[in-house]
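**Q** Quick one, what's the 3D model for this:
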Amino acid sequence: MPQNQESTRLKDARNPNTPWKKWGPYLSERQWGTVREDYSPGGDAWDYFTHDQARSRAYHWGEDGLAGISDDKQLLCFSLALWNGKDPILKERAFGLTNSEANHGEDVKEYYFYLDSTPTHSYMKYLYKYPQTEFPYLNLIETSRGRNRGDFEYELLDTGVFKDDRYFDIFVEYAKQDPEDLLIQITIANRGPDPATLHVLPTLWFRNVWTWWPGTQKPLLKQVSGQKGMHAIAVSHADLGERYLYCDGDATLLFTENETNNERVFGKPNASPYVKDGINNFVVQGNQNAVNPDRTGTKCSAHYQLNVAAGKTSTIRLRLTNLAPNAVGDPFKTFGSIMQTRQAEADEFYKSVTPPRVSAGEALVMRQALAGMLWSKQFFFFDVDKWLEEHGVDAKKPGAPHMRNSEWYHMLNQNIISMPDKWEYPWYAASDLAFHTVALSTVDTDFAKEQLDLMLQSSFLHPTGQIPAYEWNFSDVNPPVHAWATIFNYRTEQALSGKGDLEFLKRSFAKLMLNFSWWVNRKDRSGKNLFEGGFLGLDNIGVFDRSSPLPTGGYLEQADGTAWVSMFSQNMFEIAVELASHDSLYEDMAIKFAEHFIWIANSMNQAGSRGMWDDEDGFYYDVLRLPDGNSERLKVRSMVGLLPLCATTVIEPWQRERIPRAMNALLELVKRMPELRNSIHPTGPGHLGYGERGIAALVNPDRLRRILSRMLDENEFLSPYGIRALSRYHKDHPYVIQVNGRDYSVDYLPAESNTGMFGGNSNWRGPIWMPVNALLIRALLSYYLYYGDSFKVECPTGSGKMMNLFQVAREISNRLTRIFLADKLGRRPVYGGTEKFQTDPHWKDYLLFFEYFHGDNGAGLGASHQTGWTGVVAKLIELFGRLDERQILELGKEAGFARPPTAASDKKQPTAA
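**A** Numbers count the residues shown, from 1 in each chain. Alright, predicted model coming up:
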């Protein structure tokens with residue numbers, strides 16, 4: 001990575017004495033309605049702890065807030081509270097509908113944007129749009145409840161509260177003077193036609209640990225004397241030490257306690273008159289007794305009352321620092337210059353990671369995608385054993401009653417973790433996290449590796465070897481992409497620095513061995529190397545709920561599950577080869593995983609009803625195994641049948657040279673069982689590709705052409721905006737199977753789901769999903785490394801335009817990127833028909849990275865801030881902006897997924913993943 005101030009900070013951050021990452025955007029956007037806060041008998045998290053209660057009820061396991069930050073243990077928190085003089089409550093957190101209130105599952109009903117962040121959070125910028133009229137809480141709930149799954153979602157813009165631009169743009173910026181010294185700037189812009197009043201309440205508080213862990217020392221906030229024209233709050237905490245928040249300008253400090261208002265929530269007396277909603281009750285209700293006149297507590301707001309003229313802005317400055325009043329002098333003397341310096345350094349950093357030939361529009365997409373990735377970090381705290389104990393369950397005792405996640409009582413999670421979406425999914429998901437690291441590797445390889453390490457730690461990984469899925473059900477099954485992300489990040493760092501982190505690779509390999517064994521022992525019920533898996537992240541993609549017992553009885557052998565494990569085998573093989581260069585003991589492991597791949601391919605590609613390949617259709621399908629011994633292919637043309645393409649890995653000549661004993665063993669195996677050659681892509685002596693490369697692939701050349709002819713057909717999978725999750729063929733030809741007099745069907749749905757399966761808030765029956773598109777692009781690049789220009793296909797199918805597989809990969813990437821780019825009319829497909837986002841200068845260049853996208857028009861759907869895995873678009877922009885097809889072909893080993901070294905490469909050495 002080119003040297004600049006931010007890259008220097010990243011290196012310095014490895015030293016505990018210079019903790020540049022200690023303070024960051026680690027607050028959730030939503031803590032209410034989560035499993036962690038659920039103590040209901042029936043496990044109804046949404047109804048047990050509601051948004052309405054959140055202002056009055058102290059959280060147990062975490063905190064939330066607008067544009068919030070905290071330390072990396074979330075002991076001290078800071079965020080923004082607002083009041084327009086009309087709302088019934090302070091705006092302290094983002095509002096949204098619960099799973100039962102919305103017609104397509106839970107949905108945030110606010111407009112906020114992650115505009116910028118460096119990886120050390122030395123500079124961050126956030127935008128929140130706040131209506132000047134009363135926020136329509138009840139309107140949103142009642143109107144949405146009246147809509148069905150076939151209706152559009154009712155959005156905040158639809159309510160009319162932004163009419164005549166009567167709203168405030170509120171920009172929140174953070175700049176670090178040093179690791180313990182944060183400058184905070186809040187800029188309020190009145191976009192409306194008239195002057196408007198706004199109460200701005202920057203709020204500082206402690207996460208409540210003293211109530212939940214008796215004996216814990218209670219911290220303290222108190223007002224102290226500051227310089228003339230400003231106020232100061234002293235922070236005293238046993239672990240954090242002494243800190244101060246300096247507030248510039250005319251403000252009143254309001255103090256209360258971050259403790260539950262038991263009287264309001266539970267109808268029981270309060271121990272103190274000063275409770276969590278005290279500041280709300282003082283400002284909104286005028287209750288003068290709701291805040292502490294002694295100006296001490298565990299929650300405090302600086303209350304600014306602004307009248308902002310039409311079209312004008314006002315600015316508030318604060319500073320959170322470890323410098324005491326007698327040491328800091330004027331805390332705002334150098335405020336402006338520091339803020340400008342950090343902004344300039346952020347520009348310099350992103351210029352260094354953005355390829356020169358990337359367009360200005362693509363650079364904007366890339367930067368905001370990465371900003372979203374970095375803002376989506378969250379402190380995640382969950383001691384499952386304590387949580388179960390608080391529910392009256394001791395899961396360690398034989399015969400204990402079953403409770404959600406009771407088999408995961410070993411888990412103690414208290415880490416900064418990359419979240420899929422801090423409002424809709426404020427909890428980690430194992431497979432999502434692997435994709436997050438792919439995008440994060442562009443800006444922070446250390447954090448990317450730390451995230452992969454986390455899931456394999458003993459406090460996460462189950463003793464059986466299973467990686468936890470997500471807090472609603474840690475035992476559900478996510479796709480095993482962790483090994484792929486591990487070797488990817490290793491190669492990325494190798495390309496950037498010239499040296500891979502072998503210790504990271506070794507410790508990952510050891511734990512991934514446990515996870516691989518779990519898959520083999522738990523998800524291949526008949527020992528035939530054909531895998532199930534169930535859900536596997538593809539919500540409602542099939543005829544049946546794959547996580548539940550089938551209505552037919554029997555079980556599914558899944559084409560995607562089997563392909564995932566095949567790819568897992570290949571990834572482990574590659575890691576073993578890398579480690580064998582330094583320790584020959586790993587050569588035996590390379591043999592083991594190569595054999596696993598061969599056995600899986602042999603089972604999956606068997607002819608007739610025994611395999612998953614359908615020669616008539618030229619496609620892979622799930623196989624339904626019935627209790628009577630019969631079987632049936634479920635002929636749904638979906639991403640399930642495209643994923644076998646992803647089980648593809650190129651073997652470079654230098655890799656074969658590292659494991660001569662393993663290569664001889666594998667050659668002996670196929671010599672002894674020549675029929676095994678027929679089930680894999682031809683490779684080895686007599687079948688080497690460009691640059692003497694070999695290939696490990698489930699799909700042979702003939703099947704590759706047949707699958708690609710469907711995948712690149714615009715009447716099937718190829719959308720103007722990427723690869724659909726389900727073929728458009730099913731729009732006119734739904735797949736239907738009848739079981740016990742009931743029809744189960746799959747038809748093409750380019751937008752939201754029409755089923756409540758998995759909550760009904762995501763859909764794999766037609767939309768475009770970024771992560772699997774990225775894996776297909778990786779597969780195409782791998783095939784290109786093997787074939788070079790010797791293998792070409794029509795793209796699109798029927799167009800007569802022939803492309804090599806690099807060009808096909810680039811075409812798909814361009815279509816994905818096009819979702820976010822302004823066209824000739826200045827319109828972005830991601831925003832569909834929402835005119836405000838398409839034409840208003842104060843909206844149109846602020847991007848949201850949705851969970852998935854309309855299969856025909858590219859409009860964003862699902863969770864609106866799931867930069868998590870949609871952020872991988874940043875990696876695609878970087879990839880195709882930095883390397884052309886000849887560079888990739890010569891550099892080898894999936895060079896496109898990392899930056900090439902600046903010096904001439906030794907072709908016998910790996911350069912990228």
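
**Q** all helices for the stretch 651-800 of the chain, in order.
**A** 653-658, 660-672, 701-711, 770-787 (DSSP state H, counting those that start in this stretch).

**Q** Out of those helices, the one nearest residue 251 is which?
**A** helix 770-787 (43.3 Å; C-beta to C-beta). Where C-beta positions appear, they are placed from N, C-alpha and C, glycine not excepted.

**Q** now the angle from the closest one to helix 701-711?
**A** Helix 770-787 and helix 701-711 are oriented at 140 degrees to each other (axes from the mean of the first three to the mean of the last three C-alpha atoms, to 10 degrees).

**Q** and helix 770-787, how far from the chain's centre?
**A** 21 Å (C-alpha atoms, centre = their mean, to the nearest Å).

**Q** Can you list the low-confidence ranges for the stretch 801-913 of the chain?
**A** Scanning the stretch 801-913 of the chain for pLDDT under 70 picks out 893-913.

**Q** Helices along that one, start to end?
**A** 805-818, 835-839, 867-870, 872-882, 885-891.

**Q** Of those helices, which stretch is the most buried?
**A** helix 867-870 (a mean of 31; mean count of other C-beta atoms under 10 Å).

**Q** Throw the helices of the stretch 651-800 of the chain into CSV and include mean pLDDT, thanks.
**A** Formatted as CSV, these follow (pLDDT from 0 to 100):
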stretch, mean pLDDT
helix 653-658, 93
helix 660-672, 89
helix 701-711, 98
helix 770-787, 97
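
**Q** Return the most buried member of those.
**A** Per stretch, and counting mean count of other C-beta under 10 Å, the top mean among the helices of the stretch 651-800 of the chain goes to helix 770-787, which has a mean of 25.

**Q** how about low-confidence regions in the stretch 101-250 of the chain?
**A** Checking the stretch 101-250 of the chain against pLDDT under 70 turns up nothing.

**Q** Reformat the helices of the stretch 801-913 of the chain as a markdown table; add distance to residue 247.
**A** Listed next are the helices of the stretch 801-913 of the chain as a markdown table, based on distance: least, C-beta to C-beta, whole Å:
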| stretch | distance to residue 247 |
| --- | --- |
| helix 805-818 | 43 |
| helix 835-839 | 34 |
| helix 867-870 | 31 |
| helix 872-882 | 36 |
| helix 885-891 | 53 |
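
**Q** Indicate which one of those helices is closest to residue 142.
**A** helix 835-839 (22.8 Å).

**Q** what's the distance between the residue positioned nearest the centre of the chain and residue 886?
**A** For the chain, the residue sitting closest to the mean C-alpha position, by C-alpha atoms, centre = their mean, is residue 868 at 2.2 Å. Residue 868 sits 33 Å away from residue 886, taking C-beta to C-beta, to the nearest Å as the criterion.

**Q** what do you get for residue 164?
**A** 55 Å.

**Q** Please apply the same query to residue 783.
**A** From residue 783 over to residue 886 (counting by C-beta to C-beta), the distance is 16 Å.

**Q** same question, residue 269
**A** On the measure of C-beta to C-beta, residue 269 and residue 886 end up 76 Å apart.

**Q** Then residue 829?
**A** From residue 829 to residue 886 the distance is 31 Å (C-beta to C-beta).

**Q** Likewise for residue 497?
**A** Distance, residue 497 to residue 886, using C-beta to C-beta: 24 Å.
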